[in-house]
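Enquirer: Got a predicted model here, sequence first, then my questions.
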Amino acid sequence: MLDTIPHYFYSVIDPPNKEDILYVLENAELTKQQECSWSKGCSIQFERLDLEEDFHSLFTPSLSQFFQEIQIDARNLKIQLHEVWRNTYQRNYFQEVHDHLPLHLSGVVFLTDEQEDDGQFFFYHKHYSEVSKEWRDVGLFGDRKIVKAERGKVLLFPSHMLHGVSIHRSDNIRRTVAFNLRFMTD
Ligand SMILES: [Fe+2]
């Protein structure tokens, strides 16, 4: 039976309250503070959202499903929203490979469906450089895993996972909302 050492995993959730999530994320107010240190390393339109009040009720069903899937009992885990922001991609925009440390759990909500030549979200396998040429030649899984954008789907993953968005080579507008969560374990 095939098994893996699962420190790197993700789930794409189809939330039961998809329409509510989309409505709130597409109509959210922006925070007064719009500064972002990391966005200078990317080509992207960044908008910080003010969602303090709505976040937990909106995302509790998705988070419950996620913890159920990874078989972790999170009923007593306090989870705090650290930040949430909306990304808009136009032609040639991209996001370089990065992680969301020191935060703990990260998410992406796709607001648009993927179309031809759009930028694609991908996870980057940080240990791929250790894989020998022979294993690569025989077809071992490559350095990237693409997650297809589907409107209303919620992608959740540990914040230590490297990821990026490839170059957006179309004139479609691509939109996502991303967020970082903190586990309050002390
Ligand atoms: Fe990211």
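Expert: Cool, got the structure.

Enquirer: hey, let's count contacts and neighbours off CA atoms from now on
Expert: Will do.

Enquirer: Tell me how far Gln34 lies from Leu81.
Expert: Distance, Gln34 to Leu81, using C-alpha to C-alpha, to the nearest Å: 17 Å.

Enquirer: out of those two, which sits in the more crowded spot?
Expert: Applying other C-alpha atoms under 10 Å to Gln34 and Leu81 shows that Leu81 carries more neighbours, namely 17 against 11.

Enquirer: So that one is in contact with Leu181, correct?
Expert: Yes: applying C-alpha atoms under 8 Å, one finds Leu81 in contact with Leu181, separated by 4.7 Å.

Enquirer: Which elements pack onto the lowest-mean-pLDDT helix or strand in the chain?
Expert: Least confident helix or strand, the chain: strand 45-48 with a mean of 90, by mean pLDDT, DSSP states H and E. On a contact count with 3 or more C-alpha pairs under 8 Å, 6 or more residues apart in numbering; DSSP states H and E, strand 45-48 meets strand 78-89.

Enquirer: Tell me which residues are up against the next helix or strand after the strand it packs on.
Expert: Using DSSP states H and E, the helix or strand that follows strand 78-89 towards the C-terminus is strand 95-98. For strand 95-98, contacts defined as C-alpha atoms under 8 Å, 6 or more residues apart in numbering pick out Gly41, Cys42, Ser43, Ile44, Tyr124, Leu162, His163, Gly164, Val165, Ser166, Ile167.

Enquirer: Just the buried residues of strand 95-98, please?
Expert: Gln95, His98 (16 or more other C-alpha atoms under 10 Å).

Enquirer: So that it lines up with my notes, have the first residue be 596 from now on.
Expert: Okay, residue one is now 596; in that scheme the one you just asked about reads as strand 690-693.

Enquirer: Convert the C-alpha atoms of that strand to PDB, please.
Expert: Extracted C-alpha coordinates of strand 690-693, given in PDB (Å, rounded to 0.1, in the frame of the first residue of the first chain):
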ATOM      1  CA  GLN A 690       3.400  35.800  -8.000                       C
ATOM      2  CA  GLU A 691       6.800  34.500  -7.300                       C
ATOM      3  CA  VAL A 692       7.400  31.300  -5.200                       C
ATOM      4  CA  HIS A 693       6.900  32.000  -1.500                       C
END
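
Enquirer: Paired strands for that strand, with orientation please.
Expert: When pairs are called by DSSP bridges, strand 690-693 turns out to pair with strand 758-760 (antiparallel).

Enquirer: Can you name the element that comes right after the partner strand?
Expert: Defined by DSSP H and E, the subsequent element after strand 758-760 is strand 769-779.

Enquirer: which helices and strands does that following strand pack with?
Expert: Partner elements for strand 769-779 (3+ C-alpha pairs under 8 Å, 6+ apart): strand 673-684, strand 700-705.

Enquirer: Pull up the pairing partners for the first one, direction included.
Expert: Strand 673-684 has the following sheet partners, assigned by DSSP bridges: strand 640-643 (antiparallel), strand 769-779 (antiparallel).
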